[in-house]
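[1] Take a look and give me a structure for this.
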Amino acid sequence: MRLLSHMSLSFAVLAVVVAGPANASAHGRTADGVAGHSTGYVYLDNNTAGTNTISGFSRGPNGALTALPGSPFVAGGAGLGAGIASQGAIRTADGGQYLLAVDAGSNQISVLRIGADGSLTPVPGSPFASGGVEPDSIAVNNGLVYVSNTGAGGTNYTGFTLSPGGQLHPIPGSTVTLPDGSGPGDVVLNGDNTKLVGTRVNTSLIDSFTVGRDGLLTAATDSPLAAQGVGPFGSAFRPTNPDQLFVANAHNGAGLGTVSAYDDLRDGTLSPIGASPFANSQTAPCWLVVSPDGHYLYALDTGSAEISSYAIARDGTLMLLSNTPISSTPGVTGTDIALSSDGRTLYLNMAKVDGVGEFAVHGGTVRQLPGSPAPASGSGSTVGITTS
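    Coordinates of the predicted model:
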């Protein structure tokens, strides 16, 4: 049942200036270094070679981050110790009760319980086999989980159920095998668990499926579909419309970045919306996220080190609002993107500088917080970013 309604949006754009708290320090923290009362948490998969770990942060009222006591937390499996070309390597589930993270070095998924203070504790039985080789992306919604595995000899999408206790149980017959070398970069479920989409970065294809009540996938008649650009990478369904899909086209070339918009039809067929794809004149828009109210899309252009802001019309058409530099330091960029649950703060995994970029967002405008990026505790190989 689809209970979500389409949201209307005017393309009238207002210039908004977001002011920071007057009593905050340069990084938005109080004198003792604490970001004030926590309004949520942010997590990174450190992808640590050997024993994998998760970095955790408390989010202050102004969006500034402070490392959680005990961070980094032991995940349970092993990381690769090197970057992974994917979106969604770490996700929260069940309203922030659990955290799921890929352990690409041991072909596993770690599931950890999130404490009231943001601390992480592995659930009994964790980590769980990913069903393939080198898991790199996780989709999770209402107890259904799909994992994309990108390694040779085990490239696939595999489904699981997430039990009330946090255990992953494989769904028999759920595995969809992909050709080795296709490079699955992201797997996403829509809001009512009726559609699943996966991107193949290396071969510029998009897989589209309907999802049965048993969690099994049925491929659309045109799946896999040729993407509208080279290297389809990050993707997201619109939170306010489970039939609208957005895909970043990462590898078109310098200054040729685009984001595609699709209607995901009843049978899973993808139909381009309006004049899709929508250009941003940037390089390598790899990762994207849609605001909780469905009004805005933010794309992380890792090649040109910018954040592109788009307004989303009711029919899914995109209009570019602005491009905002990630940093004044040349070469500093991001490797995944997430929004706080209230849609007011944008966070970037900035693995190359071992930090987390912090940006206030309002009405589609983006402003870097003073003192950003917050220092992380990874080793330059962190993957994914998620909030709760």
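
[2] Point out where the stretch 1-150 of the chain drops to low pLDDT.
    Within the stretch 1-150 of the chain, the segments meeting pLDDT under 70 span 1-36.

[3] can you pull the contacts of the residue nearest the centre of the chain?
    By CA atoms, centre = their mean, the chain has its centre lying nearest to Gly88, at 4.2 Å. With contact set as CB atoms under 8 Å, 6 or more residues apart in numbering, Gly88 has these partners: Ser137, Ile138, Ala139, Asp186, Val187, Val188, Gly234, Asp336, Gly384. Where C-beta positions appear, they are placed from N, C-alpha and C, glycine not excepted.

[4] Look up the closest residue to it, ignoring the ones flanking it.
    Computed as CB to CB, 6 or more residues apart in numbering, the closest residue to Gly88 that is not its neighbour in sequence is Ser137, at 4.3 Å.

[5] Need the pLDDT of the nearest residue to Asp354 once chain neighbours are set aside.
    Among residues not flanking Asp354 along the chain, Ala376 sits closest, at 5.1 Å (CB to CB, 6+ apart). Confidence at Ala376, expressed as pLDDT, is 88.

[6] In this structure Ala376 contacts Thr53, no?
    No - Ala376 is beyond contact range of Thr53, at 10.8 Å (criterion: CB atoms under 8 Å).

[7] Let me see the contact set for the residue nearest to Asp354.
    Neighbours of Ala376 in contact, by CB under 8 Å, 6+ apart: Leu44, Ser55, Ala67, Met350, Asp354, Gly355, Val356, Thr382.

[8] same question, Pro170
    Pro170 is in contact with Ala129, Gly131, Thr158, Gly159, Phe160, counting by CB under 8 Å, 6+ apart.

[9] Switch the residues you listed over to CSV; also include neighbour count and secondary structure.
    CSV is the format used below for those (neighbours: other CB atoms under 10 Å; DSSP: H, G, I helix; E, B strand; the rest coil):
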residue, neighbour count, secondary structure
Ala129, 16, strand
Gly131, 23, coil
Thr158, 23, strand
Gly159, 25, strand
Phe160, 26, strand
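
[10] okay, among those, which ones form the most distant pair?
    Ala129 and Gly159 (13.0 Å; CB to CB).

[11] gap between Ser130 and Asn107?
    5 Å (CB to CB, to the nearest Å).

[12] helix/strand/coil for the residue nearest to the centre of the chain?
    The assignment at Gly88 comes out as coil when based on DSSP: H, G, I helix; E, B strand; the rest coil.

[13] Quick check: phi and psi at it.
    phi 80, psi 30 (degrees, to the nearest 10).

[14] How much space separates it from Ser208?
    Taken as CB to CB, the span from Gly88 to Ser208 is 17 Å.

[15] before we move on, what about Ser328?
    From Ser328 to Ser208 the distance is 40 Å (CB to CB).

[16] Would you mind identifying the next helix or strand past whichever strand or helix holds Ile206?
    Element membership for Ile206 (DSSP states H and E) is strand 205-211. Of the helices and strands lying after strand 205-211 in sequence (DSSP H and E), the nearest is strand 217-219.

[17] can you map out the helices along the protein?
    Counting by DSSP state H, the chain has no helices at all.

[18] can you pull the contacts of the closest residue to Asp315 other than its chain neighbours?
    Distance criterion CB to CB, 6+ apart; nearest residue to Asp315, sequence neighbours excluded, is Ile273 at 6.4 Å. Residues in contact with Ile273 (CB under 8 Å, 6+ apart) are Gln244, Ala261, Tyr262, Asp263, Asp315, Gly316, Thr317.

[19] what about 10 Å?
    By CB atoms under 10 Å, 6 or more residues apart in numbering, the residues touching Ile273 are Gln244, Leu245, Phe246, Ser260, Ala261, Tyr262, Asp263, Ala313, Asp315, Gly316, Thr317, Leu318.

[20] try Gly165
    With CB under 10 Å, 6+ apart, Gly165 has these contacts: Tyr98, Val111, Arg113, Val123, Pro124, Gly125.

[21] By neighbours, which of these wins?
    Taking other CB atoms under 10 Å as the neighbour criterion, Val111 ranks highest of those with 27 neighbours.

[22] Please look at that one and Val123 and confirm they touch.
    Yes - the criterion here is CB atoms under 10 Å, and Val111 meets it with Val123 at 4.9 Å.

[23] Show me what counts as buried in stretch 328-341.
    Val332, Thr333, Gly334, Thr335, Asp336, Ile337, Ala338, Leu339, Ser340, Ser341 (16 or more other CB atoms under 10 Å).

[24] any idea of the mean pLDDT in it?
    88.

[25] if we can go back for a sec, give me the number of neighbouring residues for the residue nearest to Gly88.
    With other CB under 10 Å as criterion, Ser137 counts 29.

[26] likewise Pro69?
    By the criterion of other CB under 10 Å, Pro69 has 10 neighbours.
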